[in-house]
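Q: Make a model of this:
(one chain, ligands or ions: 3)
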Amino acid sequence: MAFWPSVVVATPAHSGVGACLTYRSELSLAPGTLVRVPLGAREVLGVVWDCPATPPEGLSEAKTKPVAGVLDGLPPLNDRWRQLVQFAARYYQRSLGEVALAALPPQLRDLSNVQLARRLKRRTKAGVDRPVPAGDVVDGHNLSDEQRRALDALADAKAPVLLFGATGSGKTEVYLQATQRALQAHTDAQVLVMVPEINLTPQLEARFRERFEPLCGAGAVVCLHSGMTPAQRLSSWLAAHTGQARIVLGTRMAVLASLPGLRLIVVDEEHDPSYKSQEGARYSARDLAVYRGKVETEALVQEVELLRAGPHPSPLPEGEGRGEGVNAPRCQVVLGSATPSLESWHAADQGRYVRLAMPARIGGGALPRLRLVDMNHQPKGAVLAPPLIAAMAERIARGEQCLVLLNRRGYAPVLACHDCGWKSSCPHCSAYRVFHKLDRTLRCHHCGFTERVPRACPDCGNLDIAPVGRGTEQVEEQLAALLADVKRPDGAPARVARMDADSTRLKGSLEVQLATMHSGEVDVLVGTQMIAKGHDFRRITLVASINADSGLFASDYRAPERLFALLMQAAGRAGRDAAQSAASEMWVQTWYPQHPLFASLKQHDFPAFATTQLAERLSAGMPPYGHQALLRADARTQQAAQAYLNAAAQAAVGLPHFEDVTLYPAVPLTIQRVANVERAQLLVEAASRGALQRFLSAWQPVLLAGRSLPEARGLVRFAVDVDPLAI
Ligand code: ADP
Ligand code: ZN
Ligand code: ZN
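A: Ligands and ions are numbered 1, 2, ... in the order given. Down below sits the predicted model:
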């Protein structure tokens, strides 16, 4: 007897190959089975989606190739996982094969069954089968009242939870104890904890390991992120897929991991833009987490109903619902942030999410006081205002630490000749190359093109070429000079250090730099936004943001939201030790101290800020009230990119739901050329998400066909970005 499995394989985004290819098999293969199948001259990895016993209509049975092999020993990917992947592909307008195969570890493709068996055996030996014992919370802090209330509400919530907790309110402890409860409630339970960037906060990983490895065994906590080697990724994925890993800590890619026992998803810093993928399928891991929680919960509810309704009503499965009273089992989703995304905030306003607030800091310390420095009243040309320097000197003398935040790495964003007007433009991009003084290079931060700094102006030979503007290297240099005479309590001179993508490029260097900060060796840390995120430095009492104004007037309507979140996050690094919190301050240098954003920031009043922002969004029909997608085109010329987009817009006339969407004219991107590719985009707006989705689905084949039009000559690629973060 033969079967005709339809198999999903990795197809390039727009190859036009259908979602599934049909093969032949002697065996019936369960949906979700991993197989190797011939494709052209190659053999590729695939996932069985369906396995009917009758061939699909019109199939030439003789020409249908047999499945080459099954990956033995691996349980099939379950229905919920396939539903998640199918949803992600459809919603973000990509091929099913691309999304499904990208969610699997790349090394799985290259392993023979013998190698795979060896890996699985190695894992079993590492042996993680000790369940979390029921009963009281082991170790951990005594919860604050707010933490306890949040945890109790979490257990009762019938919808995703928005944990709105001030910086330092102890959200991590809530995640830890919610994780423990979930693991206790069911012997197979798994928990997914997502963070924006795992490398930035080794503390979090350490806390999860410390808490759960003694309870569940050495291999119970695994990480999943793009910085891992292929072998590490495979190992973590196998542990998650086979249920050996109880906790998966990961970045956005982890949302697509196979987790058969998933019972809790935590999305920490849920507002962070890095949850939105910027390449391939441009999915939002936060939004997929919410969807995934819903799918998993529906399946759990169904399972329980089946058991209850069966001819012989049986008790709940072993351990089910323990400690949860009469509640039906759920896969709970927790979105945590001190400055939630306006999308999530709005969802909570509407009652779609349950909002749980933890406004107080652990220990009762105050949030830092905001001090605005009006740059109109500072000495001309001052990068750092004298009162700020004086305040920092005082702190250092008391043995306290300071953070100085600015959003540009390198020494200066431009190098210029004042005689002829030459500037350090990148020959491949419409951007300037940044001057890095330490290694005397001009580096393009967009395409990576790097050259040594010329000794004289390349155009006129003038020797006097000078930096314009400032970056972290320069501020570090200036601060070291300005604070040269300041002494720490131990009599040693003040020490200034820098932390940004350049200083942390080498493996292990980030950990070293964080350690010098924690140990108090460093008094002032200068850096990009990576220093503002998540760190629990105990001795910081002053945080300064020195050039944030661009965020106030940027053309991107999300810029204020991002700026507010960044400044709140940064402020949250100060005064984490309650004993020092009363004296902690957040300094912001600005030319616009009257800007309303600062009024809310001064009060630490995120709800007020969100309310005004949402009112503006409502009147402009912007998300979360309206829905958007971008069609982006890359081409050899700007004209070609725009011609393709405009042709696509014309071809959209009359498609289903065309009346419900607005198509805007094609425009170049802000940085219109990168690595010699010209970039343009076209905005699509709709009042309803459903209408936008249906329109995009109808548009997709038109976009594919459009590539062969004469207008598309010179087109390199196109992509649809649904719910874009920047327009
Ligand atoms: P958040 O993530 O909300 O900014 P954290 O979870 O990092 O805050 O907690 C801030 C600090 O408070 C951490 O050092 C943490 O160990 C400590 N902490 C959390 N909960 C408690 C508690 N109930 N009792 C004492 N300390 C706590
Ligand atoms: Zn010149
Ligand atoms: Zn470049």
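
Q: Please make it C-alpha for all contacts and neighbour counts, starting now.
A: Fine.

Q: Next up, the contacts around the most centrally placed residue in the chain.
A: The centroid of the chain falls nearest to Tyr275 when counting by CA atoms, centre = their mean (2.2 Å). For Tyr275, the contacting residues are 196, 251-252, 284-286, by CA atoms under 8 Å, 6 or more residues apart in numbering.

Q: at 7 Å what do you get?
A: Tyr275 sits next to 196, 252, 284-286 when contact means CA atoms under 7 Å, 6 or more residues apart in numbering.

Q: mind checking how far it is from ligand 3?
A: 26 Å (CA to the ion, to the nearest Å).

Q: do the same with Gln638
A: Taking CA to the ion, one finds Gln638 at 16 Å from ligand 3.

Q: what does Asp110 give?
A: 35 Å.

Q: Kindly report the same for Leu614.
A: 37 Å.

Q: what helix or strand is that residue on?
A: helix 606-620 (DSSP states H and E).

Q: Now stretch 150-162 - C-alpha only, PDB.
A: What follows is stretch 150-162 as a C-alpha-only set of coordinates in PDB (Å, rounded to 0.1, in the frame of the first residue of the first chain):
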ATOM      1  CA  ALA A 150       0.700  39.800  40.600                       C
ATOM      2  CA  LEU A 151       1.500  36.100  40.900                       C
ATOM      3  CA  ASP A 152      -2.000  35.300  42.200                       C
ATOM      4  CA  ALA A 153      -3.700  37.300  39.500                       C
ATOM      5  CA  LEU A 154      -1.500  35.600  37.000                       C
ATOM      6  CA  ALA A 155      -2.800  32.200  38.100                       C
ATOM      7  CA  ASP A 156      -6.400  33.400  37.600                       C
ATOM      8  CA  ALA A 157      -6.000  35.300  34.400                       C
ATOM      9  CA  LYS A 158      -8.000  34.100  31.500                       C
ATOM     10  CA  ALA A 159      -6.100  36.200  29.000                       C
ATOM     11  CA  PRO A 160      -2.500  37.200  28.300                       C
ATOM     12  CA  VAL A 161      -1.100  39.300  31.100                       C
ATOM     13  CA  LEU A 162       0.600  42.600  30.700                       C
END
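
Q: Which strands or helices does the helix holding Leu614 pack on?
A: The contact analysis (3 or more CA pairs under 7 Å, 6 or more residues apart in numbering; DSSP states H and E) places helix 606-620 against helix 596-602.

Q: which strands and helices sit next to the helix it packs on?
A: By 3+ CA pairs under 7 Å, 6+ apart, helix 596-602 packs against helix 606-620.

Q: Next, Glu521: secondary structure please.
A: coil (DSSP: H, G, I helix; E, B strand; the rest coil).

Q: How about it, nearest residue that isn't a chain neighbour?
A: Spatial nearest neighbour of Glu521, excluding adjacent residues (CA to CA, 6 or more residues apart in numbering): Arg495 at 7.4 Å.

Q: Tell me the residues of the stretch 351-500 of the chain that contact ligand 3?
A: 426, 428-429, 444, 447 (CA under 5 Å from the ion).

Q: I'd like these as CSV, with distance to Ala19, secondary structure and pLDDT appended.
A: What follows is these, written out as CSV (distance: CA to CA, whole Å; DSSP: H, G, I helix; E, B strand; the rest coil; pLDDT from 0 to 100):
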residue, distance to Ala19, secondary structure, pLDDT
Cys426, 41, coil, 97
His428, 37, coil, 97
Cys429, 37, coil, 97
Cys444, 39, coil, 97
Cys447, 34, coil, 96
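
Q: can you list the residues you listed in JSON lines and add neighbour count and distance to Leu415?
A: Output for these, formatted as JSON lines (neighbours: other CA atoms under 10 Å; distance: CA to CA, whole Å):
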{"residue": "Cys426", "neighbour count": "22", "distance to Leu415": "11"}
{"residue": "His428", "neighbour count": "16", "distance to Leu415": "17"}
{"residue": "Cys429", "neighbour count": "21", "distance to Leu415": "16"}
{"residue": "Cys444", "neighbour count": "24", "distance to Leu415": "12"}
{"residue": "Cys447", "neighbour count": "16", "distance to Leu415": "18"}
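
Q: returning to that earlier point: could you list every residue that touches the residue nearest to Glu521?
A: Here Arg495 is in contact with 522-524 (CA under 7 Å, 6+ apart).

Q: can you list contacts of the lowest-mean-pLDDT helix or strand in the chain?
A: In the chain, no helix or strand scores lower on mean pLDDT, DSSP states H and E than helix 113-126, which sits at a mean of 77. Residues from elsewhere that reach helix 113-126, judged by CA under 7 Å, 6+ apart: 71-73, 219.

Q: which stretches of the stretch 51-200 of the chain form strands?
A: 69-70, 161-165, 190-194 (DSSP state E, counting those that start in this stretch).

Q: which other helices and strands contact the second one?
A: In other words, strand 161-165. Using 3+ CA pairs under 7 Å, 6+ apart, strand 161-165 sits against strand 332-337, strand 354-358.

Q: Note down every partner strand of the last one and its orientation.
A: By that I understand strand 354-358. strand 161-165 (parallel) (DSSP bridges).

Q: and the strand it pairs with with strand 332-337, angle?
A: Here strand 161-165 runs at an angle of 30 degrees relative to strand 332-337 (axes from the mean of the first three to the mean of the last three CA atoms, to 10 degrees).

Q: which secondary structure elements does the top helix by length along the chain contact?
A: The longest helix of the chain (DSSP state H) is helix 285-309. Helix 285-309 sits against helix 79-91, strand 332-337, with contacts defined as 3+ CA pairs under 7 Å, 6+ apart.
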